[in-house]
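# Make a model of this:
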Amino acid sequence: MRWPCSIMNKLEEGFGWYGFLAIVGAYAGVAIYPWLASSIVYKLLNLTGAIGLAIISGRKKAWQPAALNTTWTFLALISLFR
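Prediction:
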């Protein structure tokens, strides 16, 4: 079953806004509490935030932010599994 375009557009926008909030929230947390940089929460916020922003950027054909957030995703994965 295919979802109507309006539902998909809202989901994609939701991923983008989640990505924005996750990355900004992670940065704010580390700016206030520097010891959070090594926490799994920080790493997961960066990972999921980058995925959300990569999805919306790719769907809108905004290739520079899509490339940045795809790279950010891989860096977050490396950090998570180290």
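
# Report the central residue of the chain.
Taking Cα atoms, centre = their mean, the centroid of the chain lies closest to Gly49, which sits 1.7 Å from it.

# OK, contacts around that one?
Tyr18, Gly19, Phe20, Leu21, Ala22, Ile23, Gly25, Ala26 (Cβ atoms under 8 Å, 6 or more residues apart in numbering). Where you see a C-beta, it was placed from the backbone N, CA and C, and this is true even at glycine.

# try Trp63
Contacts of Trp63 by Cβ under 8 Å, 6+ apart are Ser57.

# Tell me which other helices or strands the lengthiest helix in the chain touches.
In terms of residue count, the longest helix belonging to the chain (DSSP state H) is helix 5-32. Helices and strands touching helix 5-32, by 3 or more Cβ pairs under 8 Å, 6 or more residues apart in numbering; DSSP states H and E, are helix 40-59.

# Of the contacts of Gly49, grab the buried ones for ChimeraX.
To isolate the buried members of the contacts of Gly49 in ChimeraX, using 16 or more other Cβ atoms under 10 Å:
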select :18,19,22,23,26
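
# And the helix or strand bottoming out on mean pLDDT in the chain, what's buried?
Within the chain, confidence by mean pLDDT, DSSP states H and E is lowest for helix 5-32 among all helices and strands, at a mean of 92. Within helix 5-32, the residues scored as buried using 16+ other Cβ under 10 Å are Glu12, Phe15, Gly16, Tyr18, Gly19, Ala22, Ile23, Ala26, Gly29, Val30.

# With that, I have no additional questions.
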